[in-house]
Every structure is written in structure tokens, then in C-alpha cells.
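J.: predicted coordinates and the sequence they were generated for:
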Amino acid sequence: MSPSTPRNASPDIGFAESSLGQSLLRMLAEGSASNRAIADYLLRNQVRVTALGIEELADACEVSTATISRFARDLGFRNYAAMKSAVAETLQSVLQPVEKLRSTIARRSASPALESLGYAEASITATSRALSGTELDRIGTMLTRARTVYVLGFGLSTFLAGTLAMHLQPFCRHVVEVAAAGGTEVAASQLATITDKDVLVVISLPRYTLAAVSLTRFARDSGATVVSITDSPASPLAELGHQVLYAHGTHPVLPSSASAALAIIEALAVSLMTSNKANVAKAARHTEAIAAYLYGEHQIRSSSTQKKEGASRRRNVKQS
């Protein structure tokens, strides 16, 4: 395991940040089509690879066994067996703290629902420890200065995008929730005028959507700054983001967990809100604008006054 690999990183991120993971990421970026396919499979299926023979891996990657052997040698290993052993050793080092937590959760409760809450807690903790406050502040500054902040998410990430847009609206010049009004065609239309003065925040967790990747690539090619919120360096959005925030998304039942991504969104909103004294006035104006639609003390006082007035009228009627 690389000395720089965080011991508290999530399994996917920790593996990708190991020396072996970094070699695979380079192969994913610079290798031939067949080598990219193998590297991508190894990054996404580390545990499974430790149990696969060379023929099974070749079938999974749709390449020949000779290509697998050549790939292993290109990474500096004697053969496929040596590479598979290195995957297992790296994975064991990365998973050690996570497996300890997982077994603790399992001993605490046999309920899958309660175990899910334990995974959410673990995901947020691992994500928090890997994040940098400076990084969040830098992104907050970018969002404040942007002409327009576009927020994009499809599928289960749609509600995350909506939540982020709601948090940003009082404090940014202009916020557009790209996919809120419809599907891919509407989202593409919303992004048609994006420029280098704008920022796109894209959110995608497994299962990744093709539309999110293609539209993010379009925005980047148009000169926009891209902030990706995703789960792993192996995510297709990782290479497209100028800034990438990793939210640990592993879950024993669901395709992925959104708990850590939601925590990142809230942390980003807090960083933005506290970055400038002028935001106090903006927050006050926002609260004033929506106060009439909130249940609060003024409604309680109004209700109490109405009850007293009604009781007084009833007494007056009886006395008359």
C-alpha cells in the first residue's frame, strides 16, 4: 500500500489511491482499448478479481488470455498470478478498517434496515475524513463568482441536484437545475449556452447514466468549470471534473448510498454561506421572502389571537 493512501478512505477510493490503483488509472487514461477495458474492470471489481482465473478475467473483459498476461507485464508483474496477488494484498490493506467496522455493525444488529443506517454513518465518516475544508472553500468561491451555476443529476441523483440548487439559489447570481423540467433533451437545451463564465456541478453515483457523462463532457468542451460529486476515481465523472468531491457510496443492498453525497452537498452549502459577510443579508432577505409560507411563531401567535377573539365574541353573545 502506498504511504500516501489514507487509512480511513473508502475501499474504492483507497484502492484507486494505492500505488497499484494509480498504475491502473494511468492505464485507464493512456492505454490501448483492451488495456483500458482491463484496467476499468480491475478498478471496479477488485474483490471479484481475487477469485478469478485468467480465462475468467479475459471473458469478463472480452479480451484474450494473452492480452491479460501482456497487461500484467506492462504493469511490472511477472505474470497474471503475481498481479492478482498484488490486487489481493492491496485490497486487504485498504479494507482492513472497513471490514472491522462492517463486522461491528453486523454484531450490533441482525436487521438489514439498521445495518443500512450503520453503513450510512460509516460512509459519511469516511467521506468527511478524506475531504479538505480548503477544497470546499475553493469550490464555494468558484460558485459565488460564476455567472450561472448549473446543477445536473439524473435518476436517483435528481433529488440531490435539486437539494443543492435550493441551497445555492439565495447566494449565487443565477442557478439552473438542468434536468428538473424534463429528461435528457431538456437538460441538453439548458446547457446549450453554457460558457467559460459558468460552473457545472454534476452528481452521479452508481449506476452512472450515459447522459450525465455526455452532457458533462459537452459543458467542459464549452469551457465551463466542472465540479464532479461522485463515488470513486474510477467513476467516468472523475476525469471530467476540474474539481472532484468523492462521496463514499458502497452499500450492501442498494446500488449505491446517497448519504455521503448529501452530506457533501450540505457541507458545500455551509462553506458557501459562511464565506462572505454579505451572505448574512442574503439569508435574511431569503428568510423574509419565504416567511409567509413557513409555520412559525407568527402563525402560532395569530392562531392564539384568533382563539381569544372567538372566545370573547362567544362570551359577549351569551351576556347579551
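T.: Alright, I've got the coordinates. Numbers count the residues shown, from 1 in each chain.
J.: show me where the stretch 101-250 of the chain has its helices.
T.: Using DSSP state H, counting those that start in this stretch, the helices found in the stretch 101-250 of the chain span residues 112-130, 133-145, 158-168, 184-190, 210-221.
J.: surely S275 meets G140?
T.: Yes: counting by CB atoms under 8 Å, S275 sits close enough to G140 to count as a contact (5.0 Å). From N, CA and C alone the C-beta is placed, and that goes for glycine too.
J.: these two: which is more packed in?
T.: Neighbours per residue (other CB atoms under 10 Å) separate S275 from G140, with G140 holding more: 23 against 16.
J.: and the gap between the more buried one and L168?
T.: Separation of G140 from L168 (CB to CB, to the nearest Å): 10 Å.
J.: now do P236
T.: For P236, the distance to L168 - CB to CB - is 24 Å.
J.: who has more neighbours, the two?
T.: Higher neighbour count among P236 and L168: L168, with 24 against 18, using other CB under 10 Å.
J.: got the domain ranges for the protein?
T.: 11-108, 131-276, 281-319 (automatic domain parsing).
J.: centre of the chain to stretch 243-250, how far?
T.: Centroid separation for stretch 243-250 versus its chain: 4 Å, with CA atoms, centre = their mean, to the nearest Å.
J.: please enumerate the strands of the chain.
T.: Secondary structure of the chain by DSSP state E: the strands cover 149-153, 175-177, 199-203, 225-230, 243-246.
J.: show me what the longest one is packed up against.
T.: It refers to strand 225-230. helix 133-145, strand 199-203, helix 210-221, strand 243-246, helix 259-273 (3 or more CB pairs under 8 Å, 6 or more residues apart in numbering; DSSP states H and E).
J.: now, of those, which is deepest in the fold?
T.: Mean neighbour count (mean count of other CB atoms under 10 Å) peaks for strand 199-203 among these, with a mean of 27.
J.: that one - what's its average pLDDT?
T.: The average pLDDT within strand 199-203 is 98.
J.: show me how far stretch 35-47 is from its chain's centre.
T.: 21 Å.
J.: brain fart, stretch 114-126
T.: Distance, centroid of stretch 114-126 to centroid of chain: 15 Å (CA atoms, centre = their mean).
J.: ok, stretch 204-214 next?
T.: That offset, for stretch 204-214, works out to 11 Å (CA atoms, centre = their mean).
J.: endpoints of it, how far apart?
T.: End-to-end distance of stretch 204-214 (CA to CA, to the nearest Å): 12 Å.
J.: pull the residues that contact it.
T.: 152-157, 184, 187, 202, 228-231, 235-237, 240, 247, 249, 255-258, 261 (CB atoms under 8 Å, 6 or more residues apart in numbering).
J.: next one: stretch 50-62
T.: 34, 37-38, 41, 45, 49, 64-65, 67-69, 80, 84, 87-88, 91.
J.: how many neighbours does A82 have?
T.: 14.
J.: show me the contacts for the spatially closest residue to it that is not a sequence neighbour.
T.: Once flanking residues are discounted, A82 sits nearest to A72: 6.9 Å by CB to CB, 6 or more residues apart in numbering. Contact partners of A72, counting by CB under 8 Å, 6+ apart, are R78, N79, Y80, A82, M83.
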